[in-house]
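> below is the structure, and that's it, no one-letter string:
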């Protein structure tokens, strides 16, 4: 493990991860957030960015999103939210 850390502790490995981390944080998430808000017609805060929520809030938000918005939300949660922890986990490690 120490050998792996020594080989990857350089700018050639860290810089691409930093660029990916910042790109997802400042481009991908806001872009999909805007698309989701456009579909719903109002601002919808994603569940994973809330401190807490109740079932009525979730039901209300999903009703506002409609079928097309729920499909978009599923894409965000299934793909993008799963890739993001891998990127920042490796970057911060």
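It's in. The structure presented is a predicted model; accordingly, all values stated were derived computationally and were not measured. Residues are numbered from 1 along each chain as shown.
> okay, and the closest residue to residue 8 other than its chain neighbours sits in which element?
Closest residue in space to residue 8, ignoring its immediate chain neighbours: residue 14 at 7.8 Å, by CB to CB, 6 or more residues apart in numbering. Any C-beta I mention is one placed from the backbone N, CA and C, and that applies to glycine too. In this assignment (DSSP states H and E), residue 14 forms part of helix 11-23.
> list the helices and strands that helix packs on?
Here helix 11-23 touches helix 81-92, going by 3 or more CB pairs under 8 Å, 6 or more residues apart in numbering; DSSP states H and E.
> list the buried ones in the helix it packs on?
By neighbour count on 16 or more other CB atoms under 10 Å, the buried set for helix 81-92 is 84, 87, 88, 91.
> surely the last one and residue 15 touch.
No. Here residue 91 does not reach residue 15: they are 10.1 Å apart, not a contact under CB atoms under 8 Å.
> spatially central residue in the protein, please.
Against the mean C-alpha coordinate of the chain, by CA atoms, centre = their mean, the closest residue is residue 81 at 4.1 Å.
> show me what contacts that residue?
Shown in contact with residue 81 (CB atoms under 8 Å, 6 or more residues apart in numbering): residue 48.
> picking up where we left off before, got the angle for the helix or strand that comes right after the helix holding residue 14 vs helix 11-23?
For helix 11-23, the succeeding helix or strand toward the C-terminus, using DSSP H and E, is helix 29-40. With axes from the mean of the first three to the mean of the last three CA atoms, to 10 degrees defining the directions, helix 29-40 sits at 20 degrees from helix 11-23.
> number of residues surrounding residue 17?
Look at residue 17: counted by other CB atoms under 10 Å, it has 17 neighbours.
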